[in-house]
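any chance you could fold what I've pasted below:
(chains A and B)
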Amino acid sequence: MASTATVQSAPRSLGAKLRRAYARWRYQIGIGPGTYLARAVILILVMLFFGVPVLWMFIAPTKAHPELTSRPPLAIGNLQNVLDSWDRLAAYNRGIIFTWAKNSVWYVAFGLGLSMLITLPAGYLLAIVKFKGRKLLLWLTLIIMLLPADAMVLPMYMELFHLKLINTPWSVILPAGFAPFAVYLTFVYYRSVMPRDIVEAAKVDGCSDLQMFWYIGLPLAQSVIAMLLFNQFGALWNGFFAASLFLERDQLKTLPVGIAVMAQQTGALQPNPSAYGKVLLLRPDLALASVITVLPVIIIFLISQRLIVRAAMAGALHGE
Amino acid sequence: MAKTSARQRRKVEFNPALLLGLPYIVAMLVFGIVPMLLAAVFSISKFGAFRPVYFGAGLTNYIDIIKDPQLPISFGNILKFAAVSLPVNFVVALGLALVLNLAHDRLGTAMRTIYFIPGAITLSAVALIAVFMVDPGTSPIGFLLRMGGATRPNQVLNSRSIVIFFVIVRLFSSAGGWIAIFYGALSGINREIIEAGMIDGCGPWQLAYHIKRPMIMGYVWFMLITLTISSLQLFAEPFVISTGLAGNSPIDQYWSPNMWAQYLTVRNGDFGRSAVISLTMLLISLVAAFVIITRTGFFQTDVQRE
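Modelled structure (predicted):
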């Protein structure tokens, strides 16, 4: 008995502690140290490909144009250079970048509002109410949803041209209201949160489909609205082909299209930018414009990445 | 009498909830169906200096496009791009998702997030960054480019390297999203199946290749088809390069079919020939969408439940 107590209270050797820590780590991670190291090396090397250009984009505005070549590419400059770039951007074409930013914000805000107004009731209808033509509507939704957005741009240009909507904000706001992928997501959502028996029970209690939408569907919509906003925001904010085609006047353009316009008008991409443009923009200025354009979307994307992983884990793409 | 009662019955059966779908149906008609039909009509219409003559061109626009020497060039460019881009994106996205999925730790989460960020960057900004990245003077990989003998941007970015350039740019901007989707799908695989494989003596790499990979084949097909149709639509990156680099650009403004169609529409007002190109691209996409729904198993359950 005494010997047992002695064994239990004796301090463990360093080797035993290390073995125990290794066993715990091995259990938590699930792979051996060699595999783990190989995995870490691969992931970090690949990280350079995806991460360094983004890092460069954020660092470039902190340097003056000559410093981009004279200093190491990832060396950080100073705040004064950022302010100088900002001044040049603000002076470019009498501060048109602010107009582009304002355009981007309100086109996206109106587009999102319109798409929510149209999408939520439609997704609910397809998920809960049985009616003739429902299967056809679902099929059309799925097919159009899977078309790349750019595939519809030129046919839509022809239509908007004949409706005299080209070169008006409505040419980008109104098409945003048609969001078949958002309708599909809403459809899947309502199918999962409003099972058939709940719907039948509400009907037995005398609730009409419209009342059900108002009293049950809309209060339940908060989380799907958040998901749709994440989903639609990036697509609308970053939209390039349609915005560059439908909005020809400089005053109507958006930030992503504006960046291309700046590159075209100022020669900042050229090997010798000083030979181009009256109001000179340089590479750090274009990098700053890119940062301003992408920052809101990066924030939204970082949040939505978790949603994408969770959706794929749950087999949401299957609609199961 | 019988007809009247049937009509009355139908009136009684009308469900006002159907009005919930009315704005969506209108939007689908206006921005989904009508543009497609319009493209079909325009492709057989004549657009000259005066009023357009609808249905007046017969197959002339189609014949013009087929005879146009630009056709094999634009479609050839885009096919070359798709042929390289597709396998590269597939191998990188699936391979990295499998490697990430070997363990669940903070390193993996951080890396997945970094891979995902370029997908948030608008394509015009991506194209700009890419131009800076191939300039031996400013690029973080400038030392590698200089070691390869390049001292000026056009020694790296030229007509011979342009397809590879666009492939790398597309990989940079789109692979992160696919990695996240594949990673999510892999993480959703039943733990018991993985453990059964481990009991049978599978190591982590064998588990990844022989058990996890086949279980996400639905996602793989979905990715391949989606990537194919999106590759054919390439526009933003070559557009920024051709306009931003102007005289120094290694490509012209008709490099891809979408650029060519855009040029015909906006610069020439040639809706007829432009409609032929966009309709061709649209039909390819429609067929691919139909294949995804009917053959890959994606979305199938929802339609079949009806």
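
what about the stretch 201-306 of chain B, any weak spots by pLDDT?
B:297-306 (pLDDT under 70).

could you do the stretch 201-320 of chain A as well?
For the stretch 201-320 of chain A (pLDDT under 70), the answer is A:271-279, A:304-320.

one more pass at 50, please.
The model of the stretch 201-320 of chain A has pLDDT under 50 over residues A:316-320.

which residues of it fall in strands?
Assigned by DSSP state E, counting those that start in this stretch, the strands in the stretch 201-320 of chain A number zero.

how about chain B: which residue is closest to chain A?
B:G184 (2.7 Å; Cβ to the nearest Cβ). For every residue, glycine as well, the C-beta is placed using N, CA and C.

so that residue: helix, strand or coil?
helix (DSSP: H, G, I helix; E, B strand; the rest coil).

for B:K46, grab phi and psi.
Note on B:K46: backbone dihedrals following degrees, to the nearest 10 are phi -110, psi 130.

ok, back up a step: tell me, how many residues neighbour the residue of chain B closest to chain A?
Neighbourhood size, B:G184 [other Cβ atoms under 10 Å in any protein chain shown]: 27.

need the contact list for A:L288.
A:60-61, A:82, A:85-86, A:89 (Cβ atoms under 8 Å, 6 or more residues apart in numbering or on different chains).

state the distance from it to chain B.
11 Å (Cβ to the nearest Cβ, to the nearest Å).

could I get the contacts of A:L288 as a markdown table with neighbour count, pLDDT and secondary structure?
Formatted as a markdown table, the contacts of A:L288 follow (neighbours: other Cβ atoms under 10 Å in any protein chain shown; pLDDT from 0 to 100; DSSP: H, G, I helix; E, B strand; the rest coil):
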| residue | neighbour count | pLDDT | secondary structure |
| --- | --- | --- | --- |
| A:A60 | 29 | 94 | helix |
| A:P61 | 25 | 95 | helix |
| A:V82 | 17 | 96 | helix |
| A:S85 | 26 | 94 | helix |
| A:W86 | 16 | 94 | helix |
| A:L89 | 23 | 93 | helix |
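
and the next element down the chain from whichever strand or helix holds B:W221?
Assigned by DSSP states H and E, B:W221 falls within helix B:217-232. Counting by DSSP H and E, the next helix or strand C-terminal to helix B:217-232 is helix B:236-244.

is chain A within reach of the helix holding B:W221?
Yes. Helix B:217-232 is in contact with chain A by Cβ under 8 Å from any Cβ of the partner chain, via B:218-219, B:222, B:226, B:229-230.

residues contacting that helix, please?
Residues contacting helix B:217-232 (Cβ under 8 Å, 6+ apart): A:146-148, A:150-151, A:312, A:317-318, B:78, B:81-82, B:85-86, B:89-90, B:93-94, B:170, B:174, B:178, B:181-182, B:185, B:257, B:281, B:284-285, B:288-289, B:291-292, B:295-298.

what's the answer for stretch B:245-259, then?
Under Cβ under 8 Å, 6+ apart, the answer for stretch B:245-259 is A:150, A:153-154, A:241, A:264, A:267, A:269-271, B:70, B:73-75, B:77-78, B:81, B:131, B:153-154, B:157-159, B:161-162, B:232-235, B:238-239, B:241-243, B:260, B:263, B:277-278, B:280-281.

same check, this time on stretch A:194-213
By Cβ under 8 Å, 6+ apart, stretch A:194-213 touches A:121, A:124, A:127-129, A:215-217, A:220, B:15-17, B:20.

how does it look with 10 Å?
Contact with stretch A:194-213 is made by A:120-121, A:124-125, A:127-131, A:190, A:214-218, A:220-221, B:15-20, as judged by Cβ atoms under 10 Å, 6 or more residues apart in numbering or on different chains.

that one spans what distance, first to last residue?
11 Å (Cα to Cα, to the nearest Å).

list the buried residues for it?
Using 16 or more other Cβ atoms under 10 Å in any protein chain shown as the test for burial, stretch A:194-213 gives A:194, A:199, A:202, A:207, A:209-210, A:212-213.

cool, and stretch A:34-54?
Buried, per 16+ other Cβ under 10 Å, within stretch A:34-54: A:35-36, A:38-40, A:42-43, A:46, A:49-54.

for chain B, longest helix please?
helix B:70-100 (DSSP state H).

got the angle between that helix and helix B:217-232?
Put simply, helix B:70-100 runs at 150 degrees to helix B:217-232, going by axes from the mean of the first three to the mean of the last three Cα atoms, to 10 degrees.

okay, helices next: where are they in the stretch 1-150 of chain B?
B:2-13, B:22-28, B:34-42, B:60-67, B:70-100, B:106-116, B:123-133, B:142-147 (DSSP state H, counting those that start in this stretch).

mean pLDDT lowest where, among those?
Between the helices of the stretch 1-150 of chain B, the one with the least mean pLDDT is helix B:2-13; it has a mean of 56.

thinking again about what came up before, looking at the contacts of A:L288, which is nearest A:G113?
Checking the contacts of A:L288 against A:G113 by Cβ to Cβ gives A:L89 as the nearest, at 29.2 Å.

spit out the contact partners of that closest one.
A:61, A:95-98, A:262, A:279, A:281, A:284-286, A:288-289, A:292.

what's the answer for A:L146, then?
So A:L146 contacts A:180-181, A:184, B:222, B:225-226, B:229, B:285-286, B:288-293, B:298-299 (Cβ under 10 Å, 6+ apart).

how does it look with 6 Å?
B:289, B:292 (Cβ atoms under 6 Å, 6 or more residues apart in numbering or on different chains).

do the same with B:A82
B:S231.

repeat that with 8 Å
Per Cβ under 8 Å, 6+ apart, neighbours of B:A82: B:228, B:231-232.

and what of A:S85?
A:61, A:282, A:284-285, A:287-288 are the contacts of A:S85 under Cβ under 8 Å, 6+ apart.

stretch B:61-79 and chain A, any residue contact?
No. Judged by Cβ under 8 Å from any Cβ, stretch B:61-79 makes no contact with chain A; its nearest approach is 12.2 Å.

what is the end-to-end distance of that stretch?
23 Å.

for that stretch, which positions count as buried?
Quick answer for stretch B:61-79 (16+ other Cβ under 10 Å): B:61-62, B:65, B:68, B:70-71, B:74-75, B:77-78.

and stretch B:89-96, by the same measure?
For stretch B:89-96, by 16+ other Cβ under 10 Å, it's B:89-90, B:92-96.

cool, stretch A:65-73 as well?
A:65, A:67-68, A:73.

what does stretch A:95-107 give?
So for stretch A:95-107, counting by 16+ other Cβ under 10 Å, buried means A:96-97, A:99-101, A:103-104, A:107.

give me the contact list for stretch B:233-241.
Taking Cβ under 8 Å, 6+ apart as the rule, stretch B:233-241 contacts A:148, A:150-151, A:240-241, A:244, A:260, A:263, B:78, B:81, B:123-124, B:126-128, B:130-131, B:157, B:162, B:166, B:169-170, B:249-251, B:253, B:255-256, B:258-259, B:262, B:281, B:285.
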